[in-house]
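Student: pasting the structure only:
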């Protein structure tokens, strides 16, 4: 694994006790009431406070930005070279520490563990806001910028060969695609490994992605998602929903596009109470509505995992 040299003292420049205003919160539907939050609270909880009861690793790793890509007009994708000991599971997030910025960010990784193993990097797709860490990414961050990260979250997909096969239903709203894209990429890697081993690795079921955004410009990673579905047409499928599309849709996207919000009829076609595991990530109202619909369709609470973002 090739990564740049890091100064061991660099991590000491980060204030671990700093308050934060994070974007993401990981929860499991039906989980202990001790981690349920009052969504109507007038005071917005910061990232470290909101995720205080979530699992996170003990180690804070120094890292370096090694690439910046404009994923859309409002989203930048960072490639970040990490320490050789850095590990994560598909779907998890990082506490994101920036030198000179007191606020700690919370961003889900959009890359998968396979990319980390192959290239020693992770990727974060960050939407522009005035939230200090996101604002820094869009206005200050350059290739070579130093940061530090700590992995956390109970929202992940990490099957072992002994686990029973499951069919994944992935439902994303806006930049909520990030952890689900990581899960989809990890599933694709597992399918390739299984293909190469003649089926001796993980017994992987199917995966269907329902992804909603305002318009096709805001559909992140759409090209790679379509490529994965075409590589494994019997295993992977996707529907892109656009709610405010004002221009014609590109012909190559047209077969995958549906206008309007994700409807119960589409979800019903991909719900098997015995086999389906659903991962949701997006705005809280969307997650609450989709969760209720899934339970009405007979999917048990413990087979619905979700991550809400603010």
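Tutor: Cool, the structure landed. Quantities reported herein were computed from a predicted structural model and do not represent experimental measurements.
Student: show me where the stretch 101-250 of the chain has its strands.
Tutor: 101-108, 121-127, 146-152, 167-173, 207-213, 236-242 (DSSP state E, counting those that start in this stretch).
Student: what helices and strands are in contact with the longest one?
Tutor: Secondary structure elements in contact with strand 101-108, counted by 3 or more CB pairs under 8 Å, 6 or more residues apart in numbering; DSSP states H and E, are strand 24-28, helix 47-50, strand 93-98, strand 121-127, helix 132-139, helix 177-197. Placement of C-beta: from N, CA and C, glycine included.
Student: give me the buried positions along that strand.
Tutor: Using 16 or more other CB atoms under 10 Å as the test for burial, strand 101-108 gives 101, 103, 104, 105, 106, 107, 108.
Student: so how far is residue 229 from the first one?
Tutor: Residue 101 sits 38 Å away from residue 229, taking CB to CB, to the nearest Å as the criterion.
Student: now render the buried residues of strand 101-108 as CSV, adding distance to residue 78 and pLDDT.
Tutor: Output for the buried residues of strand 101-108, formatted as CSV (distance: CB to CB, whole Å; pLDDT from 0 to 100):
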residue, distance to residue 78, pLDDT
101, 15, 95
103, 17, 93
104, 16, 95
105, 11, 95
106, 14, 95
107, 9, 96
108, 13, 96
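Student: correct me, but residue 56 touches residue 152?
Tutor: Yes - between residue 56 and residue 152 there is a contact at 3.1 Å, judged by CB atoms under 8 Å.
Student: compare those two (neighbour count), which wins?
Tutor: residue 152 (21 against 18; other CB atoms under 10 Å).
Student: who's that one bridged to?
Tutor: residue 56, residue 93 (DSSP bridges).
Student: which ones are touching it?
Tutor: 26, 51, 54, 55, 56, 57, 92, 93, 94, 95 (CB atoms under 8 Å, 6 or more residues apart in numbering).
Student: switch the cut-off to 6 Å
Tutor: Counting by CB atoms under 6 Å, 6 or more residues apart in numbering, residue 152 makes contact with 54, 56, 93.
Student: quick one: it from residue 81, how far?
Tutor: For residue 152 relative to residue 81 (CB to CB), the value is 20 Å.
Student: again, but for residue 259
Tutor: 40 Å.
Student: quick one: which of the two has more around it?
Tutor: Set residue 259 next to residue 81 and count neighbours by other CB under 10 Å: residue 81 wins out with 20 against 10.
Student: now the more buried one, what's its secondary structure?
Tutor: Judged by DSSP: H, G, I helix; E, B strand; the rest coil, the three-state class of residue 81 is strand.
Student: just to revisit the earlier point, okay, the strands of the stretch 101-250 of the chain in a markdown table with distance to residue 255 next?
Tutor: Output for those, formatted as a markdown table (distance: least, CB to CB, whole Å):
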| stretch | distance to residue 255 |
| --- | --- |
| strand 101-108 | 28 |
| strand 121-127 | 24 |
| strand 146-152 | 37 |
| strand 167-173 | 19 |
| strand 207-213 | 14 |
| strand 236-242 | 10 |
